[in-house]
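Undergrad: fold the stuff below for me.
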Amino acid sequence: MSAPIIVKIPGKLTVAGEYAVLENDQKLVVMAVNRFVYAALEQSDENRLSLLNYGLTDLEWEWTGHKVSVKSYDSRIRFVENAITVVYTYLREHNITLKPCRLSVRSELDDTSGSKYGLGSSAAVVTAVVSAILKRFLPYEPSKQLIFKLASISHVITQGNGSGADVAASSYGGLLQYSSFQADWLLRAYNDVDTITKLAESYWPYFTVKSIKLPATIHMCIGWTGSPAFTSSFISKFRDLKDSNPSQYEQFLSESRVAVSNFLNGVTYADPVQIIEGIRLNRRALAELGRNGGVDVETPALTDLCDLAEQHGGVGKPSGAGGGDCGIAFLPSEEKAEQLKNAWKKAGIKPLDLTLHSNELITI
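TA: As a prediction, the model looks like this:
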């Protein structure tokens, strides 16, 4: 019997370009963080699935040759069920024999109390499942692009939307410049193609990914405001804004493009001034989008987080959906970063011990 395979897949935090990335050719910056989802896969006499964070253990599942079916009425298994289906279909198309296995998934992306930080849990789980199965059954090491594409397909057919940036962070690791494949395009392509292999090997318009690196002269802090965000309701509001006031929406897209461009130029030329200016412009663009859309992207706690960063010589903004969850700040020195963390604590904001995770995915 072969040794079990264990993979650890990082969660994500968005740095700049939120919401705009849902449109064609808009750039976003996203990072993998040092909190992980673990997937353990070992050979077994029967197919079994355990999702330990949900208290779902030893669930029986079967592969019919076309679909994976998990014997559970719990809707939370759908992401994993579809992920196994997609990757098994891909492997079957390559005439790879699929033997029964026991798959166990555990996440450390949320707080031990159960509080959600907004680190892309479902995307990391899907990526972990896809990665573990490919590493178990493929006769060669799967590429990051293959893991990303299969995970993106399964995530989008389950969720129906999303930019894929969280899957990219979990698949590639590191700090990334990213443009989305566009979920509506991927859904149409999935329904139109004959095989998963053809879709995975095809050119995906709009999608780009590139590893980038922060200069040593800039220091990042991440703080949690203590309340979760509700991404789907915000997206719905902004879609309404796009229809009702396209000029305001286009203005946001233009401002986001300029902000992200500033940030990326700062990275390219190791210029902390441009990085800080890019984050400042992105904060402003997101706040204006929220006002126009009638939602609080920047909650009072996030405002405190950002304002305190500016008072310490840096800049801050909401990370991801806004409306709660995490904020991210950039400071010009390590000393200023430590001072900011202390100021956050006094304001009731929890500094997180999150750091950038490298672009090397890990098999244990």
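Undergrad: okay, CA-based contacts and neighbour counts for the rest of this
TA: Noted.
Undergrad: what distance separates the helix or strand where Ser247 lies from the centre of its chain?
TA: Assigned by DSSP states H and E, Ser247 falls within helix 246-268. Centroid displacement of helix 246-268 relative to its chain, using C-alpha atoms, centre = their mean, to the nearest Å, is 20 Å.
Undergrad: what residues does that helix touch?
TA: 16-17, 20, 26-29, 212-215, 238, 241-242, 271-282, 285-286, 288-289, 292 (C-alpha atoms under 8 Å, 6 or more residues apart in numbering).
Undergrad: got a PyMOL select line for the buried ones in these?
TA: In PyMOL, this line selects whichever of those come out buried by 16 or more other C-alpha atoms under 10 Å:
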select buried, resi 16+17+20+26+27+28+29+214+238+241+271+272+274+275+276+277+278+279+280+281+282+285+286+288+289+292
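Undergrad: tell me where the stretch 251-364 of the chain has strands.
TA: For the stretch 251-364 of the chain, applying DSSP state E, counting those that start in this stretch gives strands covering 315-318, 326-331, 350-351, 362-363.
Undergrad: need the three-state assignment for Ala32.
TA: strand (DSSP: H, G, I helix; E, B strand; the rest coil).
Undergrad: which residue packs closest to it, ignoring adjacent ones?
TA: Closest residue to Ala32 apart from its sequence neighbours, by C-alpha to C-alpha, 6 or more residues apart in numbering: Lys12 at 4.5 Å.
Undergrad: end-to-end on stretch 186-199?
TA: 9 Å (C-alpha to C-alpha, to the nearest Å).
Undergrad: can you list the buried residues in stretch 29-47?
TA: 29-43, 47.
Undergrad: next: stretch 154-167.
TA: Result for stretch 154-167 [16+ other C-alpha under 10 Å]: buried residues 154-157, 161-167.
Undergrad: redo the residues you listed as JSON lines? Include distance to Val130 and secondary structure.
TA: JSON lines is the format used below for those (distance: C-alpha to C-alpha, whole Å; DSSP: H, G, I helix; E, B strand; the rest coil):
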{"residue": "Ser154", "distance to Val130": "9", "secondary structure": "helix"}
{"residue": "His155", "distance to Val130": "11", "secondary structure": "helix"}
{"residue": "Val156", "distance to Val130": "14", "secondary structure": "helix"}
{"residue": "Ile157", "distance to Val130": "15", "secondary structure": "helix"}
{"residue": "Asn161", "distance to Val130": "19", "secondary structure": "coil"}
{"residue": "Gly162", "distance to Val130": "18", "secondary structure": "coil"}
{"residue": "Ser163", "distance to Val130": "18", "secondary structure": "coil"}
{"residue": "Gly164", "distance to Val130": "15", "secondary structure": "coil"}
{"residue": "Ala165", "distance to Val130": "16", "secondary structure": "helix"}
{"residue": "Asp166", "distance to Val130": "15", "secondary structure": "helix"}
{"residue": "Val167", "distance to Val130": "11", "secondary structure": "helix"}
